[in-house]
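**Student:** this one's structure only:
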């Protein structure tokens, strides 16, 4: 491999421990730029609200990329592992888009907790949400403590509860 201007040695690709804090800084900058690129590849999956599916991916990617900074020698292997995870995440997102069942498996499913002012006890049990916690969210999000004013309250795939009032 051609080492242009000693860049390989500068980011510690010549194996061994990074040579001082300067090498760690250069590797951190390189990993930052690679990380931005990988997150741009994953683009919309990481924007907005995270589902557990997205959160796990973000944590894994951050952990893997941190190894490219702190562990000597395996720079390209670590970046390749990060790229493989992003591509797998993208594939899962495509599959989830085309298959409701697969989407529900990896991202969870929406559950209706209140419909036309009536608590949906089965969905609340499945979601492990008790009445006190739901009422707290209805007061915060729906601005009401009156169930009869709730047209629909749903546990979204992101884990947030959305509320539509009758007003």
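**Tutor:** Great, that's in hand. Everything numeric here is computed off the predicted structure, so don't read it as measured data.

**Student:** now the helices for this protein?
**Tutor:** Ranges of helices in the chain, per DSSP state H, are 7-10, 20-42, 52-70, 75-98, 100-107, 121-127, 131-141.

**Student:** now the third one against helix 100-107, angle please.
**Tutor:** When you say that, I think you mean helix 52-70. Taking axes from the mean of the first three to the mean of the last three Cα atoms, to 10 degrees, helix 52-70 and helix 100-107 form an angle of 50 degrees between their directions.

**Student:** ok, of the helices of the chain, where does mean pLDDT dip lowest?
**Tutor:** Out of the helices of the chain, the stretch the model trusts least by mean pLDDT is helix 7-10, with a mean of 57.

**Student:** among the helices of the chain, which comes closest to residue 154?
**Tutor:** Distances from residue 154 to each of these were compared using Cβ to Cβ; the shortest belongs to helix 121-127, at 8.8 Å. Quick note: C-beta positions are derived from backbone N, CA and C, even for glycine.

**Student:** ok, residues contacting that closest one?
**Tutor:** Counting contacts by Cβ atoms under 8 Å, 6 or more residues apart in numbering, the residues outside helix 121-127 that touch it are 111, 112, 113, 130, 131, 134, 155.

**Student:** what is the end-to-end distance of stretch 97-113?
**Tutor:** 24 Å (Cα to Cα, to the nearest Å).

**Student:** most surrounded residue in the contacts of helix 121-127?
**Tutor:** residue 113 (25 neighbours; other Cβ atoms under 10 Å).

**Student:** the closest residue to that residue other than its chain neighbours: what's it in contact with?
**Tutor:** With Cβ to Cβ, 6 or more residues apart in numbering as the measure, residue 153 is the residue that lies nearest to residue 113, at 4.8 Å, once sequence neighbours are left out. With contacts defined as Cβ under 8 Å, 6+ apart, residue 153 is in contact with 112, 113, 114, 134, 137, 138, 142, 161, 162, 163, 164.

**Student:** please report the distance of residue 153 from residue 60.
**Tutor:** When distance is defined by Cβ to Cβ, to the nearest Å, residue 153 is 32 Å away from residue 60.

**Student:** quick one: stretch 140-151 to chain centroid distance?
**Tutor:** Between the mean C-alpha location of stretch 140-151 and the chain-wide mean there is a distance of 30 Å, by Cα atoms, centre = their mean, to the nearest Å.
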